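S.K.: Dropping a prediction and its sequence here:
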Amino acid sequence: MIHNYLGQTIRFEIKYKKRTSMSISIDHYGNVEVQAPKGMSDERVIQALEGKWDWIQEKLNEMKERTLGPKLKTYDHGESFLYLGKEYPIQISQNMNIEQDYAVFEREKLHIVVKQLEDEKIRQALKRFYYQQCKMLVERSIKSYQSNFKTKPRSIRITDNKTNWGTCDSKQQLTFNWKLAMAPQQVIDYVVVHEMCHMVHLNHDRSFWRLVGKILPDYEQQENWLALSSWKMTV
């Protein structure tokens with residue numbers, strides 16, 4: 001079906017099923033599906049669809065952006081970067097007297113202080129900030145979930161791994177990708193718990209996933225966030 005509302009048009013499919021409530025979902029390709037109880041009128045479905053219109057448009061726009069890929073970042077005032085799942089603008093200042101370039105998060109902004117106003121200096125200061133924050137956030141999460149495990153990690157490292165968000169080896173040494181600092185806290189918690197569960201089960205068998213689900217029943221939501229949003233985690 002096609003519906004026009006507020007000057008915008010969307011295509012969607014309605015599936016009537018044995019259920020008591022209606023749900024709206026959007027797949028990775030931007031297809032909108034409505035599952036409605038049998039007997040519900042098309043008019044009521046449309047009303048519910050319009051009630052979720054802003055959410056639908058937001059998700060469809062995210063799909064388009066993801067298809068285009070990450071935009072090339074600039075390092076000027078106002079450029080936004082992810083931190084704990086939200087976009088924040090950067091504010092840059094120069095200080096020739098500091099020992100090392102740095103970045104801090106204050107008042108809903110990422111403040112970057114550098115000796116030289118060069119893009120690469122600004123980028124490295126921001127990246128160093130993410131490394132530091134990732135270590136702090138991961139260690140805090142490990143401490144929070146440690147009571148679920150009999151053993152503790154032997155070491156914790158933050159790395160620039162290009163293929164994994166985290167790893168656990170046979171010696172129970174954990175490593176985590178510094179870009180996790182850009183993800184929401186609950187996503188960081190999931191990656192941490194995932195790797196801690198590997199201290200018990202090294203592979204991804206049923207026992208492993210049962211343990212993950214026991215500690216974090218909503219872990220699939222966090223996996224979904226990474227699947228849909230990781231492309232935006234760039235510096």
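M.R.: Nice, I can see it.

S.K.: ok, for the residue nearest the centre of the chain, nearest residue in space, not its chain neighbours?
M.R.: By CA atoms, centre = their mean, the chain has its centre lying nearest to residue 183, at 4.0 Å. Of all residues not flanking residue 183 in the chain, residue 85 sits nearest, at 5.9 Å (CB to CB, 6 or more residues apart in numbering). Every residue, glycine included, has its C-beta placed from N, CA and C.

S.K.: do residue 168 as well
M.R.: residue 198 (3.7 Å).

S.K.: Which other helices and strands does the helix or strand of the chain with the lowest mean pLDDT contact?
M.R.: Lowest on mean pLDDT, DSSP states H and E among the helices and strands of the chain sits helix 53-68, with a mean of 79. On a contact count with 3 or more CB pairs under 8 Å, 6 or more residues apart in numbering; DSSP states H and E, helix 53-68 meets strand 8-17, strand 23-26, helix 219-229.

S.K.: Looking at the protein, which helix is longest?
M.R.: If you go by DSSP state H, the chain has its longest helix at helix 119-145.

S.K.: and after that one, which helix or strand comes next?
M.R.: Downstream of helix 119-145, the first helix or strand assigned by DSSP states H and E is strand 155-159.

S.K.: That following strand vs helix 119-145, what angle?
M.R.: 150 degrees (axes from the mean of the first three to the mean of the last three CA atoms, to 10 degrees).

S.K.: partners of strand 155-159 in the sheet?
M.R.: strand 173-177 (parallel) (DSSP bridges).

S.K.: Name the surrounding residues that touch the strand it pairs with.
M.R.: 134, 138, 142, 153-161, 164-168, 191-192, 195-196 (CB atoms under 8 Å, 6 or more residues apart in numbering).

S.K.: List the buried residues for it?
M.R.: In terms of neighbour count (16 or more other CB atoms under 10 Å), strand 173-177 has its buried residues at 174-177.

S.K.: Output it in PDB with nothing but the alpha carbons.
M.R.: The C-alpha trace of strand 173-177 is given here as PDB (Å, rounded to 0.1, in the frame of the first residue of the first chain):
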ATOM      1  CA  GLN A 173      42.700 -11.800  28.300                       C
ATOM      2  CA  LEU A 174      40.100  -9.400  27.000                       C
ATOM      3  CA  THR A 175      40.500  -6.700  24.300                       C
ATOM      4  CA  PHE A 176      38.000  -4.100  23.200                       C
ATOM      5  CA  ASN A 177      37.700  -1.700  20.200                       C
END
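
S.K.: and the helix or strand that that strand is followed by, average pLDDT?
M.R.: Where DSSP H and E defines the elements, the next helix or strand beyond strand 173-177 is helix 185-197. Helix 185-197 shows a mean pLDDT of 98.

S.K.: and what of stretch 213-229?
M.R.: Per-residue pLDDT over stretch 213-229 has a mean of 93.

S.K.: Show me which residues of that stretch are buried.
M.R.: 215-216, 219, 222, 225, 229.

S.K.: re earlier: burial count for the residue nearest to residue 168?
M.R.: The local packing of residue 198 (other CB atoms under 10 Å) involves 21 other residues.

S.K.: Could you find the closest non-adjacent residue to residue 36?
M.R.: Nearest to residue 36 is residue 22, by CB to CB, 6+ apart, at 4.7 Å.

S.K.: show me the contacts for the residue with the largest distance to the centre of the chain.
M.R.: Within the chain, the residue lying farthest from the chain centre (CA atoms, centre = their mean) is residue 39, at 37.9 Å. Shown in contact with residue 39 (CB under 8 Å, 6+ apart): residue 16.
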